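# Fold the following.
(chains A and B)
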Amino acid sequence: MPNASPCLTLTRREFLSAAAAVAAGAAPDARVAVARCKTYGPGLLPVLERMFDQLGGPGRLVKGRTVAIKLNLTGGPNYRMGHRPLGLAQWVHPRLVAAVVHLIGKAGAWRIRLLESPWSTAEPLEEYMLAANWDPQLLLGAAPRVECENTNYLGQGKKYSRFPVPRGGYIYPAYDLNHSYEECDVFVSLAKLKDHATTGITLSMKNCFGITPCTIYGDGAGQDEPSRFPVGGRNMFHFGRRQPPRSAPQENDPGSPREGGYRVPRIVAELVAARPIHLAIIDGIESMAGGEGPWIPGVRPVSPGLLVAGTNCVSTDAVATALMGYDPMADRGVPPFEDCDSTLRLAEQLGAGSRDLRRIEVLGTPIRDAVFPFRPVRGAVAGKPWERAFGGLQDLHRENQRIERLISAEFESIDAEEWR
Amino acid sequence: MNTGRDWIPMRWPPAWREPSLLDLLRGTPVNCLIIPGQVARDPALSPLIEQGRRAGISFVATAPPEQAPQPARPPASLAAAVPVTPRSRPDWSSASPILAVSEAVWPGVAMDSGSGVGAGPTGVPWVDSNGWFVRLATVRAPGKSIWLACDPPEKRVLPPEAYALAVADAEAYGARWIISLADGLGLAQKKPQALQAWRQVTGALEFFRAHREWSQFRPLGVLGVLSDFSGPNQDLAGEILNLLSRRSLPYRIFEKSRFVQSPIGGLKAIIDPDQQPPDGPLRRKLMAFVRSGGLLIVGPQWKPPEGPLGPGDVHGRHGVRLVGKGHLAIAKEETQDPYLVAADAHLLLSRRNDLLRLWNAGSMNAHYTVAPDGKRALVQLINYSGRPAGHPVTLGLTEPYRTARFWGLGVATPAPLKPVAAARGIELPLPDFGVYAAVELEK
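The predicted model follows:
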């Protein structure tokens, strides 16, 4: 296992026994396809098509239906890690988006809608893409009847759609979202394989943090009603220093911890339980490690050369977590969740799916052959097992805490208008 | 009177009467010393002035605005008296060949009430720049030399680079900063920090002097801003220029009284934010522009609306009408918010028409110009943070230039840049730089 990370607690024996259990007839909870794909070149489409086929073919899921695809276009379009185009770092790559759209269109989708709530703006998604130097026509022309909507505000809808969280939710009992998340038959989360400063990892579930409109959950949200246009980010979710407008569902317990590592994983778990994901696709061909965007100090480019897809978001993210060299069964205090609770566990507890690799059938490339450690493996260091593996972990841990404090302090001192 | 075109002015502190202090200027481009009008006749200055004149230095007195446009004759020992008017009330038509304004802003990232930089982790910071004003001045007072008077902010310790930024913020747009070092810095005493700042100033001046041909380049832009830039329209129109710069949206300025005679080739949109809708030949020229395929963005006073309604803008702040091959976007309500006007103009025009894009340049403004021969172009980047960005800057251009060269302050030989083909045009990965960079481009 040359690529295996010491952080992944499953041993080879456990892997084999899990595979044997599935082979012996114990029905898996979910299937997740993993494939190697080195570039976004011509080889991408056949690889993705094979993965879709492994999952049973997209036709049964999308034929004759409206398919909404939530893209991960986090942060502003004018930030790059070094000179790397956004699709090679913090954003999903446009050619992967085009390939997904093409295959879903080919499988008979009636309509395909590309959705995202871009940073602090109500401008059309196409304009946001242009600012990143994407050509939206690449996506709009990849299949018939493709359209975009900015879901960071009311958009083309007449009213917000309410999504109750099963079992009442951890933080919020329900969320008010742009109509696009209700007016679709199939919901796809097209995410990036990345570390995250607040939640440890950002995959198909964390991508859904961005389905929430900043007119309700943003820094400039109204007190009684949603603001007309979005301003700023979602610090309400991170730090809970204010409530959403009174028109929206309020927190279950305003006395609960006001800490990002507690709140954000729970909110993400709630969102994917309230607005289930039918197809999770994770772009791990080219990415970044050390954080979710270039605004995080110390991030670096990585080329895992991987694609992951599945019909259950928890299981898909669990496999992706393992591919990143982390243990999907880990929880707070253990990488990658040093400062936060595990979104995987919290979503699992809401019934959104299983994170247990022994209950997931991995199709295509086995995990053990594809693990790409997102944290550098260093020499033996005395201490806990994960400290032995990652000598610099405590530094990273402290840095993440520092960043969160900085962001928190910054937002406190800034009037929403200044974000212009 | 000397036109002052080659003068590089410096505010000479009145207390510096010792002629030996002129040694500071030896070997530097500084060749013009500004003396306040009220002390210019002081006989105690005579030895200084006499020695300076022998060294080729011109002495200029500043005249208070009430003496403009016919400033009093300067003392015979001085080369000129230059009227100085506030930036908010410039005297565009003064007889002086030099338009000198006070109240110019000290360039930099705007500081708020003490809590730090006025922006967030992924937002774009507010910057203070004189660039838009200089560009407006070159249109409203063509042929004049433009001097900006702004002193370093008090009670702030500035890094030496801040002084190079003050030079770059003026020179990149074709103006001169009236050099002014903080009084307490100790240049006369040759304190190390003062000498560092002085070297930054003179180094930047030498760079721009070596590239003086760039000042002949004309601004590029597919968006025209049309206004009389006066009276009730002055503040809004001026701030629109400022905020278009912050959007990296290159623009061209048109003063209303000269618009009918002005060539408008290459424009795709014109914004007229003035309260009074134009009439006569001006209106006819604008409507001809629209009918031929242009976009005209106007205020709600534009009546009667012409043409059938087309697709509205995303924010619903304009009614967009189809006229001939083009569009007429009429604001539904009066706005005095220049941010909204600039943002709406960019959206209505669409980023498909962007000439230039920047990444990791949130604290920077770009000035995109083209040489008179049309074959060469220049993108100047002024970095108001004064230090290299956290990640290096990438410059995107829709024009597929074949060659590109990178200049930074203090660089004698440019570094060739390799254009990278992008989805739209080319991208140029730039090396790290602090205060200023220029990219020379050739088709």
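# in the stretch 51-200 of chain A, which spans are strands?
Under the criterion DSSP state E, counting those that start in this stretch, the stretch 51-200 of chain A contains strands at A:66-71, A:111-116, A:146-150, A:161-164, A:174-177, A:186-192, A:194-196, A:200-202.
# Identify the single longest helix in chain B, thanks.
helix B:192-210 (DSSP state H).
# Buried residues, it. List them.
Buried residues in helix B:192-210, counted by 16 or more other C-beta atoms under 10 Å in any protein chain shown: B:194-195, B:197-198, B:200-205, B:207-208. Using the backbone N, CA and C atoms, a C-beta is placed for each residue, glycine as well.
# export the residues you listed to CSV and tack on distance to chain A and pLDDT?
Conversion of the buried residues of helix B:192-210 to CSV gives the following (distance: C-beta to the nearest C-beta, whole Å; pLDDT from 0 to 100):
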residue, distance to chain A, pLDDT
B:Ala194, 33, 95
B:Leu195, 34, 96
B:Ala197, 30, 97
B:Trp198, 34, 97
B:Gln200, 28, 97
B:Val201, 31, 98
B:Thr202, 33, 97
B:Gly203, 27, 97
B:Ala204, 26, 98
B:Leu205, 31, 98
B:Phe207, 25, 97
B:Phe208, 28, 97
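# Now the two most distant members of the residues you listed.
The largest separation in the buried residues of helix B:192-210, counting by C-beta to C-beta, is between B:Ala194 and B:Phe208 at 21.6 Å.
# Let's have the strands of the stretch 51-200 of chain A in a markdown table, adding mean neighbour count.
Supplementary listing: the strands of the stretch 51-200 of chain A in a markdown table, determined by neighbours: other C-beta atoms under 10 Å in any protein chain shown:
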| stretch | mean neighbour count |
| --- | --- |
| strand A:66-71 | 25 |
| strand A:111-116 | 24 |
| strand A:146-150 | 21 |
| strand A:161-164 | 16 |
| strand A:174-177 | 22 |
| strand A:186-192 | 26 |
| strand A:194-196 | 26 |
| strand A:200-202 | 26 |
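# Which residues are in contact with the spatially closest residue to A:Trp134 that is not a sequence neighbour?
Nearest in space to A:Trp134, with sequence neighbours left out and distances taken as C-beta to C-beta, 6 or more residues apart in numbering or on different chains, is A:Pro94 at 5.0 Å. In this structure, A:Pro94 makes contact with A:87, A:129, A:134-135, A:138-139, B:423, judged by C-beta atoms under 8 Å, 6 or more residues apart in numbering or on different chains.
# Ok, B:Leu45 next?
Contact analysis of B:Leu45 by C-beta under 8 Å, 6+ apart lists B:17, B:35, B:39.
# at 7 Å instead, please
B:17, B:39 (C-beta atoms under 7 Å, 6 or more residues apart in numbering or on different chains).
# separation between it and B:Glu18?
11 Å (C-beta to C-beta, to the nearest Å).
# one step back: so which of the contacts of A:Pro94 are in helices?
Counting by DSSP H, the members of those that fall within helices are A:129, A:138-139.
# do you know how far B:Glu206 is from B:Leu25?
Relative to B:Leu25, and taking C-beta to C-beta, B:Glu206 is found at 13 Å.
# meant to ask about A:Pro94
56 Å.
# Next: A:Val334.
Using C-beta to C-beta, one gets 66 Å for the distance from A:Val334 to B:Leu25.
# Looking at the two, which has the bigger crowd around it?
A count of neighbours by other C-beta atoms under 10 Å in any protein chain shown puts B:Leu25 above the other of A:Val334 and B:Leu25, at 21 against 18.
# What score does that one have for pLDDT?
The predicted local distance difference test score for B:Leu25 is 96.
# check which helix or strand covers B:Leu78.
Following DSSP states H and E, there is no helix or strand that holds B:Leu78.
# What residues of stretch B:148-162 count as buried?
B:148-150, B:152, B:158-162.
# Could I get the full set of helices for the stretch 51-200 of chain B?
With DSSP state H, counting those that start in this stretch as the criterion, the stretch 51-200 of chain B has helices at B:131-140, B:161-171, B:192-210.
# Low-confidence bits of the stretch 251-400 of chain A, can you list those?
The stretch 251-400 of chain A contains residues with pLDDT under 70 at A:377-400.
# how about the residues of it that lie near chain B?
Within the stretch 251-400 of chain A, the positions near chain B by C-beta under 7 Å from any C-beta of the partner chain are A:294-295.
# quick one, strands of the stretch 251-400 of chain A?
Assigned by DSSP E, counting those that start in this stretch, the stretch 251-400 of chain A shows strands spanning A:279-284, A:287-289, A:300-302, A:306-310, A:360-364.
# again, but for the stretch 201-350 of chain B
Counting by DSSP E, counting those that start in this stretch, the stretch 201-350 of chain B has these strands, from start to end: B:218-219, B:223-227, B:251-255, B:269-272, B:295-298, B:318-323, B:326-331.
# for the closest residue in space to B:Thr398 that isn't next to it in sequence, what are its contacts?
Using C-beta to C-beta, 6+ apart and skipping the chain neighbours, the partner closest in space to B:Thr398 is B:Gly425 (3.9 Å). Applying C-beta under 7 Å, 6+ apart, we find B:Gly425 in contact with B:396-400.
# Nearest to chain A among those?
B:Gly396 (5.5 Å; C-beta to the nearest C-beta).
# and the closest one, that one's in a strand?
Yes - assessed with DSSP: H, G, I helix; E, B strand; the rest coil, B:Gly396 lies in a strand.
# Could you double-check that it sits in contact with A:Asn133?
Yes - using C-beta atoms under 7 Å as the test, B:Gly396 is close enough to A:Asn133 to be in contact (5.5 Å).
# list the residues that contact both of those two?
With contacts taken as C-beta under 7 Å, 6+ apart, the residues that reach both B:Gly396 and A:Asn133 are B:357, B:422.
# And the residue nearest to A:Lys159 when sequence neighbours are not counted, how far from chain B?
Distance criterion C-beta to C-beta, 6+ apart; nearest residue to A:Lys159, sequence neighbours excluded, is A:His179 at 7.3 Å. When distance is defined by C-beta to the nearest C-beta, to the nearest Å, A:His179 is 16 Å away from chain B.
# Let me see the confidence value for A:His179.
For A:His179, pLDDT reads 98.
# Likewise for B:Glu255?
As predicted, B:Glu255 sits at a pLDDT of 97.
# B:Tyr368 is in what secondary structure piece?
Taking DSSP H and E as the criterion, B:Tyr368 maps to strand B:364-370.
# mind checking how far that strand is from the chain centre?
9 Å (C-alpha atoms, centre = their mean, to the nearest Å).
# relative to helix B:161-171, how tilted is that strand?
Interaxial angle, strand B:364-370 versus helix B:161-171 (axes from the mean of the first three to the mean of the last three C-alpha atoms, to 10 degrees): 30 degrees.
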